[in-house]
Structures are given as C-alpha cells and as structure tokens.
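>>> The amino acid sequence is not available; the structure is as follows:
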C-alpha cells in the first residue's frame, strides 16, 4: 500500500515537474516575444515621429509657398490694375487730344 502511494506521489511529482518545465518554457518564450514587440513598438514610434517631422516640414514649405503665391498674385493684380489705369488714362488723354483738334 505504501509502495502504491509512493508510486502515485512519484507520478504526480513527475507531472508537476513537466508542467513546471512547460510553464517556464512558455514564460521564456512569451518574455522574448514581449521584448521583440517592445523593440518593434520603439521602432514604430521612432518612424512615426520622423514621419510627423517630415509632414510638419512639408506643411511649413506649403505655407511658405502659399504666402509666396499670394504675394505674387497681389503683385500681378497690382500690376494689372496699374496697367488698366494707365491704359484708361492714355485712352482718355487720347480722346481729349482728338476732341481738341
């Protein structure tokens, strides 16, 4: 009876040892996987930060370009108005000259 009990205990402790070994193995695997994921996350965050910086730089460039376009547009409209006024004056002056003849 004692031998049977010892055999049963021995079998249980062997199963417990196998279970413990399996748990330790899985824990190491999960820990390693977690470290890999943390490294991936760090790389991803760094990549996102660089993309954000590039996007911000692009926005600044676009903003500068838009301001430049507005300034060029304003310059062109001022030039067009000046030309229009000059043309009107000339035409008016020309008509005055015609009426004096």
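On my side now, so go ahead. Only a predicted model underlies this, so the values are computations on that prediction, with no experimental measurement involved. Numbers count the residues shown, from 1 in each chain.
>>> If you count contacts, what does the one helix or strand residue 82 maps to end up packed against?
Taking DSSP states H and E as the definition, residue 82 sits inside helix 2-100. Counting contacts by 3 or more Cβ pairs under 8 Å, 6 or more residues apart in numbering; DSSP states H and E, helix 2-100 packs against no other helix or strand. Every C-beta, even on glycine, is put in place using the N, C-alpha and C of the backbone.
>>> Make 171 the first number, not 1, from now on.
Done: numbering now begins at 171, and the last item shifts to helix 172-270.
>>> what's the average pLDDT for it?
Averaging pLDDT along helix 172-270 yields 88.
>>> distance between that helix and the chain's centre?
Centroid displacement of helix 172-270 relative to its chain, using Cα atoms, centre = their mean, to the nearest Å, is 0 Å.
>>> Residue 246: neighbouring residues, count only.
10 (other Cβ atoms under 10 Å).
>>> how near is it to residue 254?
From residue 246 across to residue 254, the span is 12 Å (Cβ to Cβ, to the nearest Å).
>>> next one: residue 206
70 Å.
>>> quick one, what contacts residue 258?
Under the criterion of Cβ atoms under 8 Å, 6 or more residues apart in numbering, residue 258 has no neighbours.
>>> Kindly report the same for residue 236.
No contacts exist for residue 236 under Cβ under 8 Å, 6+ apart.
>>> and the gap between it and residue 177?
Counting by Cβ to Cβ - residue 236 and residue 177 are separated by 86 Å.
>>> Residue 246 too?
Residue 246 is 101 Å from residue 177, where distance means Cβ to Cβ.
>>> and what of residue 253?
111 Å.
>>> Repeat that for residue 224.
For residue 224, the distance to residue 177 - Cβ to Cβ - is 70 Å.
>>> swap in residue 204?
40 Å.
>>> do the same with residue 233
Distance from residue 233 to residue 177, by Cβ to Cβ: 82 Å.
>>> Before I go, just wanted to say thanks for your time.
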